[in-house]
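>>> what shape does this take:
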Amino acid sequence: MFKILRIKNLILIDQAEISFGPGLNILTGETGSGKSAILTAIRLISGERAESQMIRKEADFAIVEAVLEPFDLPSEEGFSPHVLGAGITVRREIHRSGKNRCFIEEQQVSLAFMRKCLESAIERIDQSSSLSLCTSEEQKNILDTYADISADVASFAQSYKGEKAQECRLDSLVQSQREKDRILKWAEEDLSAIEEVNWKEGEEGTLNEEHNLLSHTQELLEKIGSLTASLSDGPSPIVLNLKKCLSNLESCVRFDPKIGPIAEIVKGVGLELEETSRWLESYTTQLEADPNRLEMIERRIGEIEAIKRRFGSSFAEVEKKKKDLITQIDTLSKLETDIETLQKELIALREKNRLTATELSQRRRIALPKFSTQVEEQLQSLNLPHAQFCVSLICKPISFSGHDEIQFLFSANPGVPPSPLEQCASGGELSRLLLAVKIVLSEKILYMSSCLVFDEIDSNVGGQTASILGEKLKKLAEKRQVICVTHFVQVAKCALHHFLVSKIEKNGYAFTRVVQLSFPDRENEYNRMLGMSTENG
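Below you'll find the predicted structure:
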C-alpha cells in the first residue's frame, strides 16, 4: 500500500508529495492538469522503463520516491535491506544523460529486480487491462485464482516441464543406442590409444631435459675437456701456476706479514680450482653419447606429441579426455538398462501428470458455475441488467496448464447468446467486466495486490453506471487500497481521500499542483466536475 508518493521534476510537476491513505483514493482535475504525471510516477515505481522526455523541461533530472507499507522482498545476492516498521522506500532517479538508477531502502538495485519486488505490491488497471481479459492466458489465470489452484497449476507446469525434459533425454538415449556400436568403437579406440602411451605426469619435462643433454654430449665433452686441460693437464696448467705463486708469496710473508692475507686468498683459489678440476673430470667420465637412448627418448616424445595433437595440449587435458571416454564407454555399455529405467520413470510421470491434469480440470469445473454466477450478478449490478456471463472449458491435449482451453463468454443484450469477449464486448462493457472480476476475486489475497491503481476505468460508461461503479470501487477498497483517476462526480463522492490535480502558470511556466481536499472543499470540486460534465454534454 502507498503511504507517500514524492515527485520532483516529472512532466509538469516540479515538486509534489501525496500522502495516500487506506481505502479509496480519488484523483480529479481538468484534462491536461497533470493527472497522467502521477500515474507515470506510479508506473516508474512499479518498474517501467524511463525516458528522458519524462523530465520537466527546465530540469536535468527527475526523482520519484514512494514509501510503501512493509511487504515481503524477494532475496537476491548482495541485497539485504534493513526494513523499518515505517515502511519500505523505493526511489527512481532519471537523468537526461541516460544514467538512471533504482533504489530500495537506499540500496541500488537493477530495474528488473525493482519490477520483481513491486509486482505483488502494485497492480495497475487501465483500458488496456480490460483488453487483457480477452486473452486465454489471463482468463485461465483468473479462473485458477478463483478455484484456489494457482499454486497447484504452477507445480503441475514444473512437473510437465520435467516430463518434456525426460522425453528429450530418452530420445537422446535412443538415438545413441542406434549409433551405439559406432560410437562405442570410436571411444574404445581412443581410450586404448591413450592407455597404450601411458603418459605419466611430469614425464614430458624429464624427457625433454634428458633429450637436451644427450643431444649435446659431444659438445659438453669437448668444452669441459678443454677446461680441465687448462686447469690441470696443459703445458701451463692454472693450478700448477697458482701453486708456484703461492710458494713465492709465502716466502715474502717472512719479510712482510701484511702479504699473509693475500697468500691465503691465492691458496683458497687454488684449492677451489683443484676441486673444480676433479669434479669436471668425474662429470666427464659419466657422460656417454648413447645414440640408442637418444633415439628411444625421441620416439617417446613423438608418442606424447601425437597424443597431444589428438586429445589435448597438456597432460591435464589428455587425462580429462581419458576420464570422459571411460564415462562415455560406461554409459554406452549400460545404455539399454538406462533406457529401460527412463521409460519406466517417464510412464509413471506421464500417469502422474495425467491424473493431476484431470484433477485440475475437475476443480475448475466445480468452481466454474459459482464464479460465472457471481460475475454475472456483479455485471447486472453495474447497470448491465441483461448481462450473461459463462466460462467454456474445452478438453484439449495436455499442456503446461492441464487439459483445459478456457474461454470467457459474454452477452450484454437480451436474446443474444454469449460469445467470446473479443467478438462482442465494447470498451465500457469490458471495463465493467474487469471491475466485476476484481470484486469477485477480492477475497483471493494471493491474486490481489495490496494497491490497485485504476486509470479512468469509468471511461465509456454513463452517469448512472458511474454512480454504481463508484460504490463498487468503495466496496473493493474495503479490502485493498484503491487509487483511481476519474472525471465522474458520482465516483469522486465515494472517496475516502480526494486529491485535486490542477495546473498553474508561474513566470511563463506551467506547474502541476496536487492538494488533498477537505470535505468542505470537495463540494467546490464536485460543482466544477458537474459543470464540466454539462459542458461536455
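>>> low-confidence regions, the chain specifically.
76-86, 126-130, 234, 425, 443-449, 456, 458-463, 532-537 (pLDDT under 70).
>>> in the host helix or strand of Leu332, what counts as buried?
Taking DSSP states H and E as the criterion, the element that holds Leu332 is helix 315-333. Neighbour counts using 16 or more other CB atoms under 10 Å place 315, 318, 321-322, 325, 328-329, 332 of helix 315-333 among the buried residues. In this view, the C-beta of every residue, glycine as well, is placed from N, C-alpha and C.
>>> what segments of the stretch 101-250 of the chain are helices?
111-118, 127-132, 136-146, 150-178, 180-197, 203-215, 217-228, 238-253 (DSSP state H, counting those that start in this stretch).
>>> returning to that earlier point: helices or strands next to the helix holding Leu332 in the packing?
helix 180-197, helix 291-311 (3 or more CB pairs under 8 Å, 6 or more residues apart in numbering; DSSP states H and E).
>>> at 10 Å instead, please
helix 150-178, helix 180-197, helix 203-215, helix 291-311 (3 or more CB pairs under 10 Å, 6 or more residues apart in numbering; DSSP states H and E).
>>> send me the second one as CSV with only the CA atoms.
This means helix 180-197. Presented in CSV, the C-alpha positions along helix 180-197 are these (Å, rounded to 0.1, in the frame of the first residue of the first chain):
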residue,chain,number,x,y,z
LYS,A,180,26.0,-47.2,-30.1
ASP,A,181,28.3,-49.7,-31.9
ARG,A,182,30.0,-47.0,-33.9
ILE,A,183,30.3,-44.5,-31.0
LEU,A,184,31.5,-47.3,-28.6
LYS,A,185,34.1,-48.5,-31.1
TRP,A,186,35.5,-45.0,-31.5
ALA,A,187,35.5,-44.3,-27.8
GLU,A,188,37.3,-47.6,-27.1
GLU,A,189,39.9,-47.0,-29.8
ASP,A,190,40.6,-43.5,-28.4
LEU,A,191,40.9,-44.8,-24.8
SER,A,192,43.2,-47.6,-26.0
ALA,A,193,45.4,-45.1,-27.7
ILE,A,194,45.7,-43.0,-24.6
GLU,A,195,46.3,-46.0,-22.3
GLU,A,196,48.8,-47.5,-24.6
VAL,A,197,51.0,-44.5,-24.4
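>>> relative to helix 203-215, how tilted is that helix?
50 degrees (axes from the mean of the first three to the mean of the last three CA atoms, to 10 degrees).
>>> and for the first one?
Relative orientation of helix 150-178 and helix 203-215, computed by the same axes, to 10 degrees: 40 degrees.
>>> nearest to Asn100 among the buried residues of helix 315-333?
Of all the buried residues of helix 315-333, Lys321 has the smallest distance to Asn100: 48.7 Å, by CB to CB.
>>> wait, doesn't that closest one sit right on Ser313?
No: counting by CB atoms under 10 Å, Lys321 stays clear of Ser313, with 11.1 Å between them.
>>> looking at the helices of the stretch 101-250 of the chain, which is buried most?
Highest mean neighbour count of the helices of the stretch 101-250 of the chain: helix 136-146, a mean of 19 (counted as mean count of other CB atoms under 10 Å).
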